[in-house]
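Student: what follows is a predicted protein model with its sequence.
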Amino acid sequence: MEDFGPWVHIPCVPPFSHAGLRETIDGGQMFRWQAVDVSCWQGIWDRFAARVRIAEGGAIEAAFPDGTAEEALPALLRLLGLDQDYVGAYDSLPWRSDRVLRSAMMQFGGLRVVNQPLGEALLGFICSSTKRIPQIKECMGLLAERFGSPVAGGQALPTWPQLAAVDEADLRGCKLGYRARYVWQTAQFLAGDPGYLTAVEAMPYEGAHAALTRLPGVGAKVADCVLLYGTRSLQPFPVDTWIIQAMAHLYGLHGWPVDHVAQFGRTHFGEFSGLAQQFLFAYARRAGGA
DNA sequence: TGACAGGGGGTGT
DNA sequence: ACACCCCCTGTC
């Protein structure tokens, strides 16, 4: 095992509640973090690794593999959205008129929407369809172990160029099931157009969503997840079965088509609808909306 | 205990 | 509408 350096104190405003930090790190936005104990997680993203735990007053503390903190700390702040204005984002949500949202925001105080490398979010969410979080994590772990590069603290996830050199059969060996073909086809697509994801990052929402949907295995829901968790935008509003249930129950949208619910979410919650989605998702998943 | 449906944070046809 | 691959859960 790797040696980690000293804990670094990171003030956070708005402050994290325990539930808010757990939902941020280990609630299904990312798939490469494991609980060390009830209030400490260890994870890998990009070429970095870290341990994160909750501290007094809603701050957090982080530790990094020896010699990596100088680069990894700013990367962690970016990953967890700690260099963004969440006070303004929280305040702009319609919590004054929406008691459901207000309740979720109190229950999951401090919740952030993460900013992973776009390619990692793409891989994770292509593999997410009809899978539970523990299964997705297992697949990501196998992919990293077998096809990724070593970094201080563990194995990085393979990049898309690395994935393009892997046989579909070997991807299946990572328990991807039918998703192995999607990953393989997308890897080939991106190998033939290396600037594609970089271009997507520079596009406004509509164009970026359309461009991602062109990739095999990427439908509307996965594209929204990739954009929400893989860029700094808080605009995308991913609609999965949990959100369908929650929005039907809480806002009376019974029987609405998925794309209409997504449209409703973006207009009802505004510029930061993705943050609202994350609160409602956490709320519904914890059966708090029933 | 052990086998067997049923179905899951979706996509593509 | 249904299959898709894998694997977990709930039943008998």
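Tutor: Structure's in. What do you need? Numbering: from 1, shown residues only, chains lettered A, B, ... in the order given.
Student: quick check: closest non-adjacent residue to the residue in the stretch 151-290 of chain A that DNA strand B sits nearest to.
Tutor: Nearest residue of the stretch 151-290 of chain A to DNA strand B (Cβ to the nearest atom of the strand) works out as A:G219 at 2.5 Å. C-beta: built from backbone N, CA, C; applies to glycine. Among residues not flanking A:G219 along the chain, A:T213 sits closest, at 6.5 Å (Cβ to Cβ, 6 or more residues apart in numbering).
Student: now do the phi/psi pair for the one you found.
Tutor: phi -60, psi -20 (degrees, to the nearest 10).
Student: let me know the pLDDT of it.
Tutor: With respect to pLDDT, A:T213 has a value of 97.
Student: and for A:R286?
Tutor: On the pLDDT scale, A:R286 gets 77.
Student: residue contacts, it?
Tutor: Going by Cβ atoms under 8 Å, 6 or more residues apart in numbering, A:R286 touches A:Q107.
Student: go on, A:W160?
Tutor: A:119, A:122-123, A:186-187, A:190-191, A:197.
Student: can you list those in TSV and add distance to DNA strand C and pLDDT?
Tutor: TSV is the format used below for the contacts of A:W160 (distance: Cβ to the nearest atom of the strand, whole Å; pLDDT from 0 to 100):
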residue	distance to DNA strand C	pLDDT
A:G119	23	97
A:L122	19	98
A:L123	16	97
A:T186	16	97
A:A187	17	97
A:L190	22	97
A:A191	23	97
A:L197	25	98
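Student: quick one: name whatever helix or strand follows the helix or strand harbouring A:W184.
Tutor: Applying DSSP states H and E as the criterion places A:W184 in helix A:179-191. Toward the C-terminus, helix A:179-191 is succeeded by helix A:196-202 as the next helix or strand (DSSP H and E).
Student: shouldn't A:G43 be within a helix?
Tutor: No - with DSSP: H, G, I helix; E, B strand; the rest coil as the criterion, A:G43 is strand rather than part of a helix.
Student: and the worst-scoring helix or strand of chain A on mean pLDDT, is it in reach of DNA strand B?
Tutor: Of all helical and strand segments in chain A, the minimum by mean pLDDT, DSSP states H and E falls on helix A:241-251, at a mean of 89. Yes - counting by Cβ under 7 Å from any atom of the strand, DNA strand B is contacted by helix A:241-251 at A:241-242.
Student: dump that helix to PDB, restricted to CA.
Tutor: Backbone C-alpha positions of helix A:241-251 (Å, rounded to 0.1, in the frame of the first residue of the first chain) are rendered in PDB as follows:
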ATOM      1  CA  THR A 241     -36.000   5.800 -13.300                       C
ATOM      2  CA  TRP A 242     -35.400   7.300  -9.900                       C
ATOM      3  CA  ILE A 243     -36.000  10.800 -11.100                       C
ATOM      4  CA  ILE A 244     -39.100   9.700 -13.100                       C
ATOM      5  CA  GLN A 245     -40.500   8.300  -9.900                       C
ATOM      6  CA  ALA A 246     -39.600  11.300  -7.800                       C
ATOM      7  CA  MET A 247     -40.900  13.900 -10.300                       C
ATOM      8  CA  ALA A 248     -44.100  11.900 -10.800                       C
ATOM      9  CA  HIS A 249     -44.700  11.700  -7.000                       C
ATOM     10  CA  LEU A 250     -43.500  15.100  -6.000                       C
ATOM     11  CA  TYR A 251     -44.600  17.200  -8.900                       C
END
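Student: coming back round to it: what's the distance between the residue nearest to A:G219 and A:A63?
Tutor: 39 Å (Cβ to Cβ, to the nearest Å).
Student: and those two? Which one has more around it.
Tutor: A:A63 (20 against 14; other Cβ atoms under 10 Å).
Student: verify the stated contact: A:G81 with A:Q116.
Tutor: No - with contact defined as Cβ atoms under 8 Å, A:G81 does not reach A:Q116; the gap is 10.9 Å.
Student: compare those two and say which is more crowded by neighbours.
Tutor: Neighbours were counted for A:G81 and for A:Q116 using other Cβ under 10 Å; A:Q116 has more, 23 against 20.
Student: if I read this right, that one contacts A:M30, doesn't it?
Tutor: Yes - between A:Q116 and A:M30 there is a contact under Cβ under 8 Å: 6.2 Å.
Student: find residues that contact each of these two.
Tutor: Joint contacts of A:Q116 and A:M30 (Cβ under 8 Å, 6+ apart) are A:45, A:124, A:229.
Student: most neighbours of all these, which one?
Tutor: That'd be A:G124 among the shared contacts of A:Q116 and A:M30, by other Cβ under 10 Å, with 26 neighbours.
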